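[1] Got a predicted structure here, sequence first:
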Amino acid sequence: MKFDLLHTDNGSKARAGILHTAHGDIETPIFMPVGTVGSVKAVQIPELKSDIKAQIILGNTYHLYLRPGLEVLEGAGGLHKFNSWDRPILTDSGGFQVFSLKEIRKMSEEGVEFRSHIDGSKHFFSPERVMDIERSIGADIMMAFDECPPGTSDFNYAKKSMELTHRWLDRCIERLSQTEPLYGYEQALFPIVQGCVYPELRRRSAEYIASKECAGNAIGGLAVGEPAEKMYEMIEVVNEILPTDKPRYLMGVGTPANILEAIERGVDMFDCVMPTRNGRNAMLFTKHGIMNMRNEKWKYDYSPIEEDGASYVDTQYSKAYLRHLFVSQELLAMQIASLHNLAFYVWLTNEARKHILSDNYAEWKKNMLTEVTRRL
């Protein structure tokens with residue numbers, strides 16, 4: 001895996017680059033649709049390619065390990081062949097999911113024992129086990145196993161958690177050095193910077209992660225309850241330290257405004273369930289603001305969902321029709337909204353790239369922020 005940094009915006013720290021992987025190149029900045037269990041909810045693979053124009057999607061180690069299970073995935077030849085996605089895949093290590101199971105997990109230096117949210121069966125994740133699972137899944141980019149502390153954690157807890165994450169990272173790296181990819185192509189490891197909202201811890205973590213000289217680096221533990229301004233502060237602290245010649249991935253973030261702000265601070269890669277989750281609940285993100293498609297105001301609005309949209313669904317269907325589908329609780333409503341929102345997120349990062357390359361990102365972002373945060 002190789003990252004080419006092509007250009008940094010003249011008026012900000014926004015970057016445009018190309019990440020080369022075994023399953024294709026990724027132009028950054030990039031938004032990555034979340035396919036937790038091997039599918040992006042309500043969206044088919046051909047639509048991801050042709051309508052959304054996704055370059056990479058995510059899978060989740062915890063969920064794929066539980067269902068369909070490693071035997072099924074290995075029998076298929078890995079997740080790429082199992083779900084027929086022939087472009088790059090990134091797998092989250094499952095750390096966030098495991099640690100969210102507060103009532104049904106026990107953590108130790110060795111790893112985490114937890115019970116399945118599906119049937120209550122007992123399982124154990126160690127850094128070594130997670131690396132083996134991610135080998136079985138076959139993702140191009142593998143995330144290290146970490147602990148994601150709550151955004152409200154005190155300094156002492158955040159410090160202990162960060163130090164545990166660092167020790168687990170060393171074990172992840174060691175395990176990968178002892179094993180080979182299962183499907184004949186390279187898999188890259190991204191470590192995760194932790195440290196909650198404490199600048200001192202974030203600096204220490206970024207320095208430790210950078211010292212490992214992995215193919216890319218991730219920023220975790222943000223958008224978990226802390227104020228947005230604190231999140232932006234932590235991004236700035238971390239990106240002063242993380243190497244400029246490696247991609248930077250901000251995990252689980254966020255709103256269109258969050259993404260624009262993070263790009264300005266030097267982040268390259270994003271993922272979030274918000275486009276599909278909010279879409280299934282009738283919230284549409286557009287170039288001119290946010291729409292609740294159940295509102296009465298759209299009942300007689302026969303204009304396209306978005307006049308100059310990023311997906312065919314924008315001009316094919318009217319606001320009135322989409323509102324009718326939601327009010328009638330038709331499944332098609334969730335599909336259309338999910339397609340639109342994902343296409344919009346991908347369009348937004350593509351537009352950001354264009355303006356970075358044109359050296360006017362900061363000015364464009366200021367105007368775009370006003371548009372995307374407006375309630376219609």
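    Ah, there it is.

[2] only C-alpha atoms for contact and neighbour calcs from this point on.
    Noted.

[3] average model confidence for the helix ranked longest in the chain?
    When the chain is parsed with DSSP state H, its longest helix is helix 331-357. Average pLDDT, helix 331-357: 98.

[4] I'd like the next helix or strand past it.
    Sequence order places helix 361-372 as the next helix or strand after helix 331-357, per DSSP states H and E.

[5] what's the angle from that next one to helix 331-357?
    160 degrees (axes from the mean of the first three to the mean of the last three CA atoms, to 10 degrees).

[6] Check which helices and strands helix 361-372 sits against.
    Using 3 or more CA pairs under 8 Å, 6 or more residues apart in numbering; DSSP states H and E as the contact test, the elements touching helix 361-372 are helix 256-264, strand 289-292, helix 331-357.

[7] can you give me the offset of the longest helix of the chain from its chain's centre?
    14 Å (CA atoms, centre = their mean, to the nearest Å).

[8] List of residues touching the helix or strand containing residue 64?
    Secondary-structure element containing residue 64, defined by DSSP H and E: helix 61-66. By CA atoms under 8 Å, 6 or more residues apart in numbering, the surrounding residues in contact with helix 61-66 are 36-38, 70, 91-95, 97-98, 116, 130, 133-134, 137.

[9] Same check on stretch 202-221?
    Residues outside stretch 202-221 that contact it (CA under 8 Å, 6+ apart): 1-2, 148-151, 162, 166, 188-196, 234-235, 237-238, 241-243, 246-252.

[10] So which bits of that stretch are buried?
    Buried residues in stretch 202-221, counted by 16 or more other CA atoms under 10 Å: 202-210, 215-221.

[11] Stretch 291-307 now?
    Buried, per 16+ other CA under 10 Å, within stretch 291-307: 291, 292, 293, 294, 298, 299, 303, 304, 305, 306.

[12] Likewise for stretch 165-173?
    165, 166, 168, 169, 171, 172, 173.

[13] What about those residues, which are in helices?
    165, 166, 168, 169, 171, 172, 173.

[14] tell me the two of those residues that are most distant?
    165 and 173 (12.3 Å; CA to CA).

[15] Tell me, how many residues neighbour residue 341?
    The number of residues packed near residue 341 is 25, by other CA atoms under 10 Å.

[16] what sits against it?
    Neighbours of residue 341 in contact, by CA under 8 Å, 6+ apart: 275, 276, 279, 284, 285, 286.

[17] distance of the third one from residue 46?
    Right, residue 279. As judged by CA to CA, to the nearest Å, residue 279 and residue 46 stand 19 Å apart.

[18] May I see the helices and strands packed on helix 361-372 organised as JSON lines, with distance to residue 106 added?
    Shown next, in JSON lines, are the helices and strands packed on helix 361-372 (distance: least, CA to CA, whole Å):
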{"stretch": "helix 256-264", "distance to residue 106": "33"}
{"stretch": "strand 289-292", "distance to residue 106": "41"}
{"stretch": "helix 331-357", "distance to residue 106": "36"}
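
[19] which stretch among those comes nearest residue 27?
    When the helices and strands packed on helix 361-372 are compared (using CA to CA), the closest one is helix 331-357, at 8.3 Å.

[20] Correct me if wrong: residue 34 contacts residue 58.
    Yes - contact status for residue 34 versus residue 58: in contact at 4.8 Å, counting by CA atoms under 8 Å.

[21] pretty sure residue 130 is in a helix, no?
    Yes - counting by DSSP: H, G, I helix; E, B strand; the rest coil, residue 130 falls inside a helix.

[22] Please name the residues that touch it.
    Counting by CA under 8 Å, 6+ apart, residue 130 has contacts 61, 93, 145.

[23] same check, this time on residue 198
    155, 234.

[24] confidence score at it?
    For residue 198, the model assigns a pLDDT of 97.

[25] Next: the one 5 residues further on.
    According to the per-residue confidence, residue 203 scores 98 in pLDDT.

[26] residue closest to the middle of the chain?
    With distances taken as CA atoms, centre = their mean, the residue of the chain nearest its centroid is residue 271 (2.0 Å).

[27] does that one have beta-bridge partners, and which?
    residue 32, residue 253 (DSSP bridges).

[28] correct me, but residue 148 touches residue 96?
    Yes - using CA under 8 Å, residue 148 is in contact with residue 96, at 5.8 Å.

[29] Looking at the two, which is more packed in?
    Between residue 148 and residue 96, residue 148 has the larger neighbour count (other CA under 10 Å), namely 25 against 18.

[30] Setting aside sequence neighbours, what's the nearest residue to the more buried one?
    Counting by CA to CA, 6 or more residues apart in numbering, residue 148 lies nearest to residue 221, which is 5.3 Å off, once chain neighbours are set aside.
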